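# structure for the following, please:
(2 chains)
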Amino acid sequence: MIAGLPLSFAEPFLLAGLLSLPVLWWLLRVMPPRPRRIEFPPTKLLFDIAPKEETPSRTPWWLTLLRLTAAALVILAAAGPIWNPQVGAAGSSGPLVILLDDGWSAASSWEARIKAADELIAKADNDRRGVALVALSEPARDITLMTGGTARVALRQISPKPYSVERVETLPAIDRFLKATGDCEIAWLTDGVDTGRGTEFLEGLTKTIGERTLTVFEGGTPAPLALAAAENAAAKMTVKVLRPTSGVAAGIVRAVDAKGSPIGEARYAFGAQDRETEAAFDLPVELRNDIARLEIAGERSAGAVQLLDKRWRRRAIGVVSGATSDTAQPLLASTFYLTRALSPFADVRLGDRGAPQQVIAQFLDQKLPMIVAADVGTLSPEIRERLNAWIAQGGVLVRFAGPRLAQADDDLVPVRLRRGGRILGGSLTWEKPQHMASFSADGPFAGLTVPKDITVSRQVLAEPDAGLSTKSWASLEDGTPLVTGEQRGKGVVTLFHVGADMRWSDLPMSGSFVEMLRRIVDMSGYTSTPGAGVAGEAKVEMVAPLRTLDGFGAFGPPPSTAKPMSADYRDRATIEHPPGLYGPAEGPIAVNTLAAADRVASLDTASLRARRATYTNAEPRDLRGILLSSALALFLIDAIVVAMLGAGLAAVVRRWRSAPAALAIALALSLLAAPPSPLRAQGNAPANPPAQGNAQGNTQANPANDEFAQRSVSQTRLAYVVTGNADVDSIVKAGMAGLTLFLAQRTALEAGDPVGVDPSRDELAFFPLIYWPVVPGAPKPSQDTLNRIDAYMKQGGTVLFDTRDAVEAPPGENGASQTPGMLTLRNILSSLDVPELEPVPREHVMTKTFYLMRDFPGRFTTGQTWVETLPREDDDEAEARPAHGGDGVSPIIITSNDLAGAWALRPDGQPMLPMTPGEPRQREFAFRAGVNIVMYTLTGNYKADQVHVPALIERLGQ
Amino acid sequence: MAAETRHTKGEITAVRRADGESRTLAASLPRLVLEARRIAANVIHGLHGRRRAGAGESFWQYRRFVSGEPAQNVDWRRSARDDHLYVREQEWEAAHTIWIWPDRSPSMAFASKGARDSKLERGLIVAFALAELLVSGGERVGIPGLMNPSSSRNVIDKMAQAMLHDDAARLSLPPSFVPSALAEIVVLSDFWSPMPEIRKMLAGLSSSGAHGTLVQIVDPAEETFPYAGRVEFVEPEGGELITAGRAESWANDYVARVALHRDEIRAETNRLDWLFSTHTTSRSAAELLLFLHSGMMVSKAGGRSTVKAGRSA
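Got it, this is the predicted structure:
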């Protein structure tokens, strides 16, 4: 065993062969390589040249190094190196006593422990020594010497215990055995966790062992982790993760329900020095209530499991209303608001049958932790008595005001009330309804945002006492309390000075109401377990073990040592009460390995005078094969290099450059010869593809773009989107050219040749109108492209989408929007910020920009043309206006009439495509529609004003 | 033996390639016509006007009939113009014999990396092209020890055939023979042979008064010695070895040694009034051919002294 490395040599004296390396080095240095042989006709002349003083040709240092490395590898291989050698106890001849930690903390690394013990037993067996196996969890068992075979069988029968094992208790038995045996050797396979009396055990062990040899196996395995103190807090379920060591670590706690299906996972992370950390499950309370078991992922031990029972469930709340007519209008009843407000985080039990007194009595019988009484008036003294007792035990009583409470008189309110209440904002009062002003900083509502929109029109008023301000948790703008509360014993009494329905205030409708109730519910205890009521007077019953955990944290039948326990057992698990579920199957009580306050400490064995050994997971591995094959590979490389060297070294250097193939072959051969390494087996993770958006966004400033920009701005041009469909693109190109020609003939616009653009690449801002033929089934443009189009539309551009399939529309009400082109267009537009659209109205300015049009036919006439909805003006003048234009131009025009198809001309001036249905002047109208659209995009709402010119002139003439 | 076979194969390939390339090269040059400079009695009629009357086709002069001559010599048409008898004399034309020796020894097969042709290929190309030019100019071309002088139109084929069927040892330098005094000799070789051998060859060839040109064809690598590191150099013919530990440090000495070697050859050729030049295979073959062509034209003009010996091509 070499210090720090799990490496040992079978025949270490052979390593002396390494001393021969310097000699070898000297030999290799002076041996010249074979010269290069060249046929040279004037060789005879060379004989006449005086021979030079020849320095011995030297082998290059790297070649020497290569050979030396190979030689060293051979020598190392001959010495028989073994990785992860088996560690045995010191070579004593006495029997071997193996002390085995088998508490819960040993379970996570049990395999390593068993393996170490197995090896120890095997060694002892080889040396014909007896073995005594001591599981430290069994103080009662007598220790006997066994043969190796028996010990191995006995070892297999030991399994880790699910509870903390106190090692001290086994000391007397060890002591007895050692005294009886005399000389022996002791190996302690510890798990490194101090269960409380660790120091005591160490002292006792030192004393017991005396002069005998002790080997302590520790380290080399991950430290055990444990869970403790699970808590279902207000917002999340938290659990503490404990460990005995330090160092940065992280992991996952998994939550599963009673059937074993996973509910959630929570991460935890240890800082460098932390011994405990917390994992929090931020889950809805309904889910949190279903959690039956928390476990650390990847950790197999009973300590890493936390069983949850009903005590961790959320609370049941009784709601009782004093109103009788609640069921008549259930949506106006106060119980409705309360139920809705409480149900997100609590079980609401409605007491809607029977009188309030009876209901409260039932709730008290059910041991509910919290009762909400909405407008419950006078209570009988008996109930009051029980309520008071219940509150003193931890019950939470929440009351809401109402007409009945205002008339009643009892002491179950936190403050004295002025009977009668007051009405604000009524027809007979001057005061206006009040708003909420503040939450008390000391009260449970501290930190909630104060809702400004809540009005209180009626309330019950408190008598102005000295303690009123401390008891008021929320107050109105005039300083009167809205919510008051008081701690009584372990419980709380709270009063909302308004009703729980909408008659007195709109507080019950607000979100703040839910938050306030949640805060109050958080104050209530977890009760309602049978027998463990708040009243505490029920007899504590005994529950039998149902299912228990084994040492690895798996459920199993309870062992024979498990005994019934009292139902309020809250301590850590012991041998008599192993962790698991106790009691009836439908409502079991959980016992966990660690109690809530337990911590895991590490056992410091430094005070022991002992040999140390480490658990090894790895099998011993003979390194001879690797070394020899690497040496072989090196020799192979050497041979190739020498073969290539042939002659002078300067030439070699040149050859190295000219013959990379030879080098590659040498390399490949060496790789083949070397054993496959696991590192090489790992595939490279695929490189992240470069972000599409970046790739497209970076194409801005280059000469091609500049040229494109110059061409586009030097003349007004119509643009169309190149779809990639050659048929469509050629038609659209011809169509745009035809429209450009028509525009030049009929209007003052002499546009340049139309430009095909790719919206994902080209700058769109240069074009007033972009014609976008929609090809059915076309893929949706990338988000980056859509963003560009969106920006173009927002900055004043107009996109004319043409689905070109009005004839394909199925008949029916909604047929026009069901064509494949429309579906594709819808897909494209789904990510665009498209304004509200409408069919072009008769008075739309687009119908008047150049020609007076009624509709916008193309090759087809049935399609509807859609533009941005114009803002409506309701006044009469607007009705009378013959033209209507919004501010700016509609950023989007959608048609399905195949305008470009109608405009498309062949080079000889004849139309490319026939018209449908083919009325005589349809093509002329299609061109006129195009002219109007182009003029609309160019002039905006100018024409809308122009139509007023006659009227203006007429007015001026007057 | 295997190396021998390989070299033979390489030579065959080189001969075949040179066959084709040399024809195009030869076609690209003007007809190389050597003019007779010296007259020798034993030369065979050829196209070179000897500036004197003799056997030939082109008119030289009319001279008075000398009595005693055969009457058939009288040119009656000229004689009819006046009272004298005239004899029509033709200019004496004589053909040159040019011996071309392309070195085909194993050392010529060397081609460094990046060189387009091996030295052998370059030598053969130039030899064939020169032969083609000379034959079309009316000269007779032969290869010492391999092919007798011939003025056949398909001299390249003949040379190639002769080489392909030659099973004698490949020598670096032409075998010792005695050319006629007025023969031209062109030796294309790398001349890496030891100096004594070169001297001996030159002495043998020039013993009869013949003149010629030595062209040293070298590879760029042989000029610059671009080697570094530990290199073992092998002589391809003799198989001698020498190992340079750091070849880059030998380069300067090598270049100096090559220059010395060339100087020695040049001294020898100057003494004998021969031409010596070097040619690197990285340059174009046409350049060398042009040089040889112009060298022969100059020699026609009669002043060898005007040609700078050892001009590099």
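# near chain A, which residues of the stretch 101-250 of chain B show up?
B:107-108, B:110, B:119, B:190, B:192, B:194, B:219, B:221-222, B:227-238, B:240-250 (Cβ under 8 Å from any Cβ of the partner chain). Where C-beta positions appear, they are placed from N, C-alpha and C, glycine not excepted.
# try it again at 7 Å.
Contact residues (Cβ under 7 Å from any Cβ of the partner chain) of the stretch 101-250 of chain B with chain A: B:107, B:110, B:190, B:192, B:194, B:222, B:227-236, B:240, B:242-243, B:245-247, B:249-250.
# mind checking which of the residues you listed are in helices?
Under the assignment DSSP state H, those contribute residue B:222 to helices.
# which among the residues of the stretch 101-250 of chain B next to chain A end up buried?
Among those, those classed as buried by 16 or more other Cβ atoms under 10 Å in any protein chain shown are B:107, B:110, B:190, B:192, B:222, B:227-236, B:242, B:245-247, B:250.
# wait, doesn't residue A:799 sit right on residue A:894?
No: between residue A:799 and residue A:894 there is no contact under Cβ atoms under 7 Å: 9.0 Å.
# low-scoring pLDDT stretches of the stretch 201-313 of chain B, where are they?
Within the stretch 201-313 of chain B, the segments meeting pLDDT under 70 span B:297-313.
# mind jotting down where the strands sit in it?
B:211-218, B:231-234, B:241-244, B:275-280 (DSSP state E, counting those that start in this stretch).
# try the stretch 801-950 of chain A
Going by DSSP E, counting those that start in this stretch, the stretch 801-950 of chain A shows strands at A:837-839, A:866-868, A:892-895.
# tell me the secondary structure at residue A:264.
Three-state call for residue A:264 (DSSP: H, G, I helix; E, B strand; the rest coil): strand.
# give me the number of residues near it?
When neighbours are counted by other Cβ atoms under 10 Å in any protein chain shown, residue A:264 registers 18.
# what about it, distance to residue A:281?
5 Å (Cβ to Cβ, to the nearest Å).
# equivalent analysis for residue B:274, please.
From residue B:274 to residue A:281 the distance is 111 Å (Cβ to Cβ).
# same question, residue A:551
If you go by Cβ to Cβ, the gap between residue A:551 and residue A:281 works out to 26 Å.
# quick one: average confidence on stretch A:506-522?
Across stretch A:506-522, pLDDT averages out at 85.
# what's in contact with it?
A:234, A:315, A:317, A:337, A:341-342, A:344-346, A:370, A:396, A:398, A:444-445, A:448, A:451, A:454-455, A:483, A:494, A:498, A:500-502 (Cβ atoms under 7 Å, 6 or more residues apart in numbering or on different chains).
# at 8 Å instead, please
A:234, A:315, A:317, A:334, A:337-338, A:341-342, A:344-346, A:370, A:396, A:398, A:436, A:444-445, A:448-449, A:451, A:453-456, A:474, A:482-483, A:485, A:492, A:494, A:496, A:498-502 (Cβ atoms under 8 Å, 6 or more residues apart in numbering or on different chains).
# one step back: neighbour-wise, which of residue A:551 and residue A:281 wins?
A count of neighbours by other Cβ under 10 Å puts residue A:551 above the other of residue A:551 and residue A:281, at 28 against 22.
# tell me where the model's unsure across the stretch 351-500 of chain A.
Per-residue confidence for the stretch 351-500 of chain A (pLDDT under 70) gives these ranges: A:352-354, A:407-409, A:419-430.
# tell me which stretches of it form strands.
Going by DSSP E, counting those that start in this stretch, the stretch 351-500 of chain A shows strands at A:370-374, A:396-400, A:417-423, A:434-439, A:455-456, A:458-462, A:472-476, A:481-488, A:491-496.
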